[in-house]
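>>> return a 3D structure for these sequence lines:
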Amino acid sequence: MILEKIKDHFEGKKFTRITRKIGADSVEISRGYIVDYSNDFLVLQESDDFSVLGYNILPIDQIKTIRFNRNDQYYHKMMVWEGEAEKVGINYKIDLGSWQSVFKSIKEKGLNVIVRCEDPEIDTFTIGPIIKTGRKNVYIQYFDASGFWDEEPIKISLEDITKVNFDDRYINVFSKYLRHKRTKK
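Residues are numbered from 1 along each chain as shown. Purely as a prediction, here's the structure:
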């Protein structure tokens, strides 16, 4: 049922509101356009404030509902009128077979990521380049809000990941201004 809706929204280039179940009692809302999908993941080009933004990879098994109601239809019309809907799409392929292949594809593009574990019991936000991906974990070279790198990569369990952001303005601008060594005080 969910895959049929994903296919419909993808083929119809519909603005999409996705409700995801995170953890035992929490939900998250994502909004945008589905630009690719597989049986396990979808790529959502995020939209906010009538602009298309970067990309999110979401696990399909966490999706509760996909919506395109009157509100979403009107939002999409405004996106068309503003010239934003014509910017929807992705110019490269991300292998959506597994988390390992997702991270390998993004790493090959030389893109940094934000890896989110949104479950309230975990609630992590890790930004940086992908160092390596194993069977159960991904390793990200985290940088902080001051642009400094951590000395060691952060190890993240693949099963805890709820969202991966990449190729968006926040990540790309921050990545241009990183400082490579943390000075000790």
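>>> Val35 touches Leu44, doesn't it?
Yes. Contact criterion C-beta atoms under 8 Å: Val35 and Leu44 qualify, at 7.3 Å. Glycine gets a C-beta too; all of them are placed from N, C-alpha and C.
>>> more neighbours: these two, which one.
A count of neighbours by other C-beta atoms under 10 Å puts Leu44 above the other of Val35 and Leu44, at 25 against 18.
>>> list the contacts for that one?
Contacts for Leu44 (C-beta atoms under 8 Å, 6 or more residues apart in numbering) come out as Thr16, Ile18, Ser30, Gly32, Tyr33, Ile34, Val35, Tyr55, Asn56, Ile57, Leu58.
>>> now it: which helix or strand?
Applying DSSP states H and E as the criterion places Leu44 in strand 41-48.
>>> sorry, back to before: hey, what's in contact with both of Val35 and Leu44?
Joint contacts of Val35 and Leu44 (C-beta under 8 Å, 6+ apart) are Tyr55.
>>> give me the distance from stretch 46-59 to the chain's centre.
With C-alpha atoms, centre = their mean, to the nearest Å as the basis, stretch 46-59 stands 8 Å off its chain's centre.
>>> revised request: answer the last question for stretch 20-30.
Taking C-alpha atoms, centre = their mean, the mean C-alpha location of stretch 20-30 is offset from the chain mean by 15 Å.
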